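In: Structure of the sequence below:
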Amino acid sequence: MNNKTSSFLWNLRHLNLNICSFGSTSFRRTMKVDPLELHKPKLIYQNKTLKIFLFHDSLQKPQSSVRFFCQGALVFQLKGNEIQKRSLNTLTSTSVGKLSHCRRQSFDSQCFLMMHTTPQIDVDGLKKIEVSAEHDLSQKEKQLDFVRQRDLIQQCNSMSDVLDLFSKFPKLSSCNYFISMWKIAKNMSEDQRRFERQLLYEHPAFNQLCYQVMKDAKIVRLQQLMFTLYALIRIGIPQNTYLIHVLLRVVQERINECDETCLSVLSRTLEIMEENKNVDALRAGLRLLVDKQIWTLEHILTLQTMMRCIGKNAPYSLKKKIEIKALKELDKFSYINSQRMFGALAAMNHRSVTLLNECSKMVAANIPGCPFWMLMNMLQSCKDLHYQNLDFFTAIADYITTTFDMWKMKQVLGILFLFEALRFRHIDLMNLFLKKVLDESQFLNQKDILCILHIYSSLNHFHECKDQQFLEVMTSALNSYLPKLSSLNLLSAVYCFCVLKHFPEEFLNQLFQENIINELLMSDNESEKIEYMLHQVNACLELEDISALKSTAIPLKECSSASLHSNTLVENILLNILEDKGLFLKNVQLPHNYFVDFELKMDSRRTQVFPVSEADAFIADSDILRVALVCVPRNAFCFGSTHPRGGLQMKMRHLKALGFHVILVSTSEIKKLDLKAAVKFLKAKIFSPEAFPTATKFAS
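Out: Coordinates of the predicted model:
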């Protein structure tokens, strides 16, 4: 009994000594971490005796377990005079032949351990323990990789610095280096980025990094590969390089692995890439993938990014699916989403009036604070999609008018230029800008002056008090550029002045030089537009009150009558009113390349319509009123009003000079009416109010 007790005490003392030596500094273990996760971590023991003891013990007792740090232990740390504690999660390792992997734990002089739970033996088996250990190790390596990448960005100030770090740490994921380069480069100016890119190409480690990226392309996570490709394109790596094409091919092979984030990044990348076979193939694959996954997308921004990428050539069925998806997600739209939807639809060339109307409402309600570039993008998209919304345009124009002093002249000019393309005339904004032009005309360059003349002449805008002063200031400002004006710009300026009923002699004399006229007539670009403007200038010289310049008219051929089109709808309504084809003429050709759709001859009070022969035989010329019915499309008026645009206004002016009373008939309004309403509408246009009691015989 005494021998047994003595043996037990000896074994207990021996075990305590080994446990103490395990916790002492004489025993050290280190872990070698492999960033590519190709090898398992190795434990290196400097205390050979303890290593032999542990393995010997494990062979003798295969069912037992060894814990390097006990589960449920608390770490107590001294901070000042207070003791703070935190839990320590530990790893259990079975002793079957060798020690399993354990996470490294370090302590400083102010930390110590204390047990608060009883150690428990793990009996789930070796497989479960190894999976848990590998999972914890993988998490640790991912955290280490993240820390290294974050430190990489913080330490580097240029793309060359990143390559220097790659030379020191080549085992870190190669994709991280290019992603870090773009994070640095995106804050640079274009000139600085170009200089840095040249240094990048000359760096001795650049080719090695490119090779490593191509080597790792098939084994890295797809999301990381997508970000790398995006970074390379944004940095400015030429797209015809072998590196870019290899990555494009790998992405093609792995495209079915794409999740929503990958789709978003790939869409942004393809959007900024030039067209080539690999890009086209990848875009086609993306379209198929979007068609398949469209209903599972959760983020509006991802949807809009893909809309910009799939392009105008995408199948209509796919565009329609995207539109339906967007309409279903309307309740999730933010103000920013509504702004970006204009550009997304324009990039896809899909005009969804319902979607645009809903987005317009949200943007119009939150227009204050919208940046200038976004206003321009939305208006440009409206122009590309031929979309017009009076409330939306008015909200933007009112906002610019209210905050007019905070905008630069060129910014307001850019907004007005797009408004002109959309045929929108905001009177208050145009008056404010006109006054600013008068005050700051010395800051205008040639392009600005020509743009202002185009806007105000096209929209036929006049200021009641400042009109003549405005025309004189524009003439004086453009006169300094007269020797430098190209033939086409000179003709455009003269045409705009003619529309505004202003005829500066110095510009007309310059235009009528033989060499300039010949150059214009022989031009292949915009020949129809040039011929039209020359005809209009000629008409002004002969019909307007500018007798000093009448002898300088340009000899031009008349327009063929074959281009004239009969307006059948209005003709039937007119016949329904007058009941006699002899009471009007149609498609009347006039001098100076003008024609009118219908001509009537009426008495001076516009109460009766006369047949052409009767009027010529029995009525004195002074008593005959020639009435011209001009059928005009909707785009001949400013949007949302009946204000005629410049070209139509000049035609009306010239028809009056030819002796006509002009009546405009909007074909778009006529088409909206049934026959009875259309007859009433046109009768009110033709006859004066006092004519109705005596002209009932023409009604039907």
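In: check which helix or strand covers the residue nearest the centre of the chain.
Out: Residue closest to the average C-alpha location in the chain (C-alpha atoms, centre = their mean): residue 343, at 4.4 Å. Assigned by DSSP states H and E, residue 343 belongs to helix 335-348.
In: cool, and residue 587?
Out: strand 585-590.
In: thinking again about what came up before, what's the first helix or strand after the helix holding residue 343?
Out: helix 353-365.
In: Mind giving me the packing neighbours of the helix or strand following that following helix?
Out: Later in the chain than helix 353-365, the nearest helix or strand by DSSP H and E is helix 372-385. Where contact means 3 or more C-beta pairs under 8 Å, 6 or more residues apart in numbering; DSSP states H and E, helix 372-385 is packed against helix 335-348, helix 353-365, helix 390-402, helix 409-421. Quick note: C-beta positions are derived from backbone N, CA and C, even for glycine.
In: which residues does residue 630 bridge with?
Out: Using DSSP bridges, the beta-bridge partners of residue 630 come out as residue 664.
In: residues touching it, list them.
Out: Shown in contact with residue 630 (C-beta atoms under 8 Å, 6 or more residues apart in numbering): 596, 597, 651, 652, 655, 662, 663, 664, 665.
In: on that earlier part again, return the distance of the residue nearest to the centre of the chain relative to residue 393.
Out: Distance, residue 343 to residue 393, using C-beta to C-beta, to the nearest Å: 17 Å.
In: Kindly report the same for residue 187.
Out: 36 Å.
In: Of these two, give the one with the bigger neighbour count.
Out: residue 393 (23 against 8; other C-beta atoms under 10 Å).
In: contact partners of the helix or strand harbouring residue 477?
Out: Per DSSP H and E: residue 477 is located in helix 467-479. By C-beta under 8 Å, 6+ apart, the residues outside helix 467-479 that reach it are 434, 437-438, 441-442, 444, 446, 449-450, 452-453, 456, 463, 485, 493, 497, 500, 502, 504, 506-507.
In: May I see the buried residues of it?
Out: 467, 470, 471, 473, 474, 475, 477, 478 (16 or more other C-beta atoms under 10 Å).
In: Please apply the same query to stretch 582-595.
Out: 583, 584, 586, 588, 592, 593, 594, 595.
In: For the helix or strand just after the helix holding residue 477, give me every contacting residue.
Out: For helix 467-479, the following helix or strand on the C-terminal side (DSSP H and E) is helix 487-499. For helix 487-499, contacts defined as C-beta under 8 Å, 6+ apart pick out 446, 449-450, 453-454, 456-458, 460, 471, 475, 478, 482, 485, 503-504, 507-508, 510-511, 516, 519-520, 523, 526, 530, 533-534, 536-537, 540, 646-647, 649-650.
In: Now do the strands in this structure.
Out: 29-31, 43-45, 65-67, 73-79, 82-88, 92-94, 111-114, 585-590, 594-603, 624-632, 660-666 (DSSP state E).
In: give me the low-pLDDT residue ranges for the stretch 351-500 of the chain?
Out: Across the stretch 351-500 of the chain, nothing is flagged by pLDDT under 70.
In: What is the burial count for residue 354?
Out: 11.
In: how close does it get to residue 385?
Out: Taking C-beta to C-beta, one finds residue 354 at 13 Å from residue 385.
In: picking that back up, narrow the contacts of helix 487-499 to just the buried residues.
Out: For the contacts of helix 487-499, buried by 16+ other C-beta under 10 Å: 446, 449-450, 453-454, 456-458, 460, 471, 475, 478, 485, 503-504, 507-508, 510-511, 516, 520, 530, 533-534, 536-537, 540, 646-647, 649-650.
In: Identify the residue nearest residue 431 in space, chain neighbours excluded?
Out: The shortest distance from residue 431 to any non-neighbouring residue, by C-beta to C-beta, 6 or more residues apart in numbering, is to residue 463 (5.7 Å).
In: Apologies, that question was intended for residue 330.
Out: Computed as C-beta to C-beta, 6+ apart, the closest residue to residue 330 that is not its neighbour in sequence is residue 358, at 5.8 Å.
In: domain ranges for this structure?
Out: For the chain, automatic domain parsing gives the domain ranges 2-117, 481-557, 566-698.
In: Out of those domains, name the one with the poorest average pLDDT.
Out: Lowest mean pLDDT within the domains of the chain: domain 2-117, at a mean of 40.
In: Just the buried residues of stretch 340-349, please?
Out: Under 16+ other C-beta under 10 Å, the buried positions of stretch 340-349 are 340, 341, 342, 343, 344, 345, 346, 347, 348.
In: swap that for stretch 324-342, please
Out: For stretch 324-342, a neighbour-count test (16+ other C-beta under 10 Å) marks 325, 326, 330, 333, 337, 338, 339, 340, 341, 342 as buried.
In: before we move on, back to that, closest to residue 603 out of the helices and strands packed on helix 372-385?
Out: Shortest distance between residue 603 and these, using C-beta to C-beta, is found for helix 390-402: 39.9 Å.
In: Please name every helix or strand in contact with the closest one.
Out: Contact partners of helix 390-402 among helices and strands, from 3+ C-beta pairs under 8 Å, 6+ apart: helix 353-365, helix 372-385, helix 409-421, helix 427-439.
In: can you tell which of those is closest to residue 230?
Out: helix 372-385 (21.7 Å).
In: Contacts made by stretch 304-324 with the rest, please.
Out: So stretch 304-324 is contacted by 263-264, 266-268, 270-271, 283, 286-287, 290-291, 294, 303, 337, 340-341, 343-345, 347-350, 352, 355 (C-beta under 8 Å, 6+ apart).
In: at 6 Å what do you get?
Out: Here stretch 304-324 makes contact (C-beta atoms under 6 Å, 6 or more residues apart in numbering) with 264, 267-268, 270-271, 287, 290-291, 294, 340, 344, 347-350, 352.
In: number of nearby residues for residue 412?
Out: By other C-beta under 10 Å, 20 other residues sit near residue 412.
In: Contact partners for it?
Out: Going by C-beta under 6 Å, 6+ apart, residue 412 touches residue 433.
In: re the thing from before, isn't the residue nearest to residue 431 right up against residue 433?
Out: No. Taking C-beta atoms under 6 Å as the definition, residue 463 is not a contact partner of residue 433, at 10.2 Å.
In: Those two: which has the busier surroundings?
Out: residue 433 (24 against 16).
In: Without its sequence neighbours, what residue ends up closest to that one?
Out: Residue 433 sits nearest to residue 412 (C-beta to C-beta, 6+ apart), 5.5 Å away.
In: mind checking how far that neighbour is from residue 530?
Out: 30 Å.
In: coming back round to it: can you add distance to residue 381 and give the buried residues of stretch 324-342 back as CSV?
Out: Listed next are those as CSV, based on distance: C-beta to C-beta, whole Å:
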residue, distance to residue 381
325, 19
326, 15
330, 18
333, 16
337, 14
338, 12
339, 10
340, 10
341, 9
342, 4
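In: Can I get the residues you listed in TSV including distance to residue 402 and pLDDT?
Out: Output for the buried residues of stretch 324-342, formatted as TSV (distance: C-beta to C-beta, whole Å; pLDDT from 0 to 100):
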residue	distance to residue 402	pLDDT
325	36	94
326	31	94
330	29	92
333	26	92
337	25	93
338	21	94
339	19	94
340	24	94
341	25	95
342	22	96
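In: ok, which pair from those is furthest apart?
Out: 325 and 339, at 18.6 Å, using C-beta to C-beta across those.
In: Can I get stretch 340-347 in PDB, CA atoms only?
Out: Extracted C-alpha coordinates of stretch 340-347, given in PDB (Å, rounded to 0.1, in the frame of the first residue of the first chain):
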ATOM      1  CA  ARG A 340     -29.400  57.300 -62.500                       C
ATOM      2  CA  MET A 341     -32.300  55.600 -64.200                       C
ATOM      3  CA  PHE A 342     -32.300  58.200 -66.900                       C
ATOM      4  CA  GLY A 343     -28.800  57.400 -68.000                       C
ATOM      5  CA  ALA A 344     -29.300  53.700 -67.600                       C
ATOM      6  CA  LEU A 345     -32.300  53.700 -70.000                       C
ATOM      7  CA  ALA A 346     -30.500  56.000 -72.500                       C
ATOM      8  CA  ALA A 347     -27.500  53.600 -72.500                       C
END
